[in-house]
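Engineer: I would like the atomic coordinates for the input below:
(chains A and B)
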Amino acid sequence: TQLLEQSPQFLSIQEGENLTVYCNSSSVFSSLQWYRQEPGEGPVLLVTVVTGGEVKKLKRLTFQFGDARKDSSLHITAAQPGDTGLYLCAGGATNKLIFGTGTLLAVQP
Amino acid sequence: ETGVTQSPTHLIKTRGQQVTLRCSSQSGHNTVSWYQQALGQGPQFIFQYYREEENGRGNFPPRFSGLQFPNYSSELNVNALELDDSALYLCASSYDMPGPYQETQYFGPGTRLLVL
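Structural biologist: Numbering: from 1, shown residues only, chains lettered A, B, ... in the order given. Here you go, the predicted model:
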């Protein structure tokens, strides 16, 4: 069974701080995606990484796929209240996405 | 907005009842996947339909069933509801059947089901 564990589970920080969210698995994935989900809405895709060691940047967000394609990280620089939400990693498997356990981020003004 | 719509937005049922949830895919998308998301957790894959045929199923009992129609809209049916079925049910559509590198899936806002 392919599982994705995220850490931390909860994170409450002040505006302007930096943070990193981790997504780990014992399984290899062909691709890994990061989503953000806000209350009352479905997950929205932030990025897809497919190559081991790949780094992608999206404004203040930096995503990295591990060399062995088993883990990933999301780093946010100078967090803002608008970054608040549930962050989900998801591994690409045949016909489906396997979602991680989620990290709930609250950024206080 | 993703263009994926779901109805109803909220639903309250009692244990043992049956429920049908509906999803309208984004225009041009022929694949729909359904997920169950318990409070504070990541979504769990229920099943996927590609061009009206089931194309993969997660670890859910047979009382969870689905349909995809010729216009690619979809239904999720759950029979004999249990308390643990209380969750947010998400559908996601994609342009084509996800391959090894995953066609991007676009999620609807979900249906919040409460079973009493």
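Engineer: C-alpha only now, for contacts and for neighbours.
Structural biologist: Fine.
Engineer: which helices and strands sit right next to the lowest-mean-pLDDT helix or strand in chain A?
Structural biologist: Using mean pLDDT, DSSP states H and E, strand A:96-99 stands out as the lowest-scoring helix or strand of chain A, at a mean of 88. Secondary-structure packing of strand A:96-99 (3 or more Cα pairs under 8 Å, 6 or more residues apart in numbering or on different chains; DSSP states H and E): strand A:85-93, strand B:44-50.
Engineer: check the average confidence over whichever helix or strand comes after that strand, would you?
Structural biologist: Using DSSP states H and E, the next helix or strand after strand A:96-99 towards the C-terminus is strand A:103-108. Regarding strand A:103-108, the rounded mean pLDDT is 96.
Engineer: re the thing from before, just checking: what are the partner strands of the least confident helix or strand of chain A?
Structural biologist: The strands that strand A:96-99 pairs with in its sheet are strand A:85-93 (antiparallel) (by DSSP bridges).
Engineer: residues touching residue B:14, list them.
Structural biologist: Residue B:14 makes contact with B:81, B:115, B:116 under the criterion Cα atoms under 8 Å, 6 or more residues apart in numbering or on different chains.
Engineer: how does it look with 7 Å?
Structural biologist: Residues near residue B:14 by Cα atoms under 7 Å, 6 or more residues apart in numbering or on different chains: B:115, B:116.
Engineer: cool, the one 5 residues further on as well?
Structural biologist: When contacts are counted by Cα under 7 Å, 6+ apart, residue B:19 touches B:77, B:78, B:79.
Engineer: hey, what's it bridged with?
Structural biologist: Counting by DSSP bridges, residue B:19 is bridged to residue B:78.
Engineer: run through chain B and note the low-pLDDT ranges.
Structural biologist: Chain B contains residues with pLDDT under 70 at B:1-2, B:97-102.
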